[in-house]
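**Q** dropping the sequence and predicted coords here.
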Amino acid sequence: MFTGIVEQTGRVVAVCEVAGNVRVSIAPGHMWTDLQLGESVACAGACLTVTAWDDVSFSVELSRETVAKTAPRWVEGQAVNLERAMTAGARFGGHIVSGHVDGVGEVLEVREEPGAYTMHVRAPKGLARYLTPKGSMTVDGVSLTLVDVGGPAGSQPDWPAEDFTLWLVPHTLEVTTLRHWRAGTRVNLEADQVAKYVERLLAVRELEAQA
């Protein structure tokens, strides 16, 4: 489990195929000295298991399914956001994040505003029901607050229901990979866990009522 508060960024330094999976080696800006075999690290928002490490980098393996269902981050030279799993007693500055990518969105526009940057993002249609103004979304591993949301009950009802905007302060841009994003950048999205549980609860309750 993660919080969506990025600890640091890293860069993909090697990619190879191993027994049908894709092994990716990532060099963090500052290599953790207490990293453990089997530990979970959120890499660009995807929860991945550490399979090896050395003094400067660690390796994870992705199934082809994971590669196909996530944004194209798994190439040499690509910068990625990194967060180790949360610990009991640590500050919980973001929101509940599982590291399970629900879909890949696309940045439509990046605009500089006084003191901030705004990003207009389009999610896959299936995630529209989880978007709400001032709600949470994990974008490439970063816990962010939705500002404007399109569609019914959104603050911009004329927009498509899968559209939303983010306001990013300079600090967020400085400590994450978001500063590299431009129109057309594809991003990993994870919807709010609570919203998904509530949806499932209501669906099962309705099914039980019909039985």
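**A** Done, it's in.
**Q** quick one: contacts of stretch 95-103?
**A** Stretch 95-103 has contacts (CB atoms under 8 Å, 6 or more residues apart in numbering) with 1-4, 40, 42, 45-48, 69-70, 123-124, 126-127, 130, 136, 138, 141, 143, 188-194. The way it works is simple: take the backbone N, C-alpha and C, and place the C-beta from them, glycine included.
**Q** mark which of these are buried, thanks.
**A** 2-4, 40, 42, 45-48, 69-70, 123, 127, 130, 136, 138, 141, 143, 188-193 (16 or more other CB atoms under 10 Å).
**Q** point out where the chain drops to low pLDDT.
**A** Along the chain, the model assigns pLDDT under 70 to no residue.
**Q** how many residues are close by residue 120?
**A** 20 (other CB atoms under 10 Å).
**Q** now name the helix or strand holding it.
**A** Assigned by DSSP states H and E, residue 120 belongs to strand 116-122.
**Q** so which elements touch that strand?
**A** strand 103-113, strand 163-168, helix 170-175 (3 or more CB pairs under 8 Å, 6 or more residues apart in numbering; DSSP states H and E).
**Q** can you list contacts of whichever helix or strand comes after that strand?
**A** Later in the chain than strand 116-122, the nearest helix or strand by DSSP H and E is strand 136-139. Strand 136-139 is contacted from outside by 4, 45, 94-95, 97, 105, 121, 130-131, 143-146, 164, 166, 178, 187-192, using CB under 8 Å, 6+ apart.
**Q** could you check how far the longest helix along the chain is from the centre of its chain?
**A** When the chain is parsed with DSSP state H, its longest helix is helix 193-210. Chain-centre distance of helix 193-210: 24 Å, with CA atoms, centre = their mean, to the nearest Å.
**Q** next one: stretch 46-55
**A** With CA atoms, centre = their mean, you get 17 Å for stretch 46-55.
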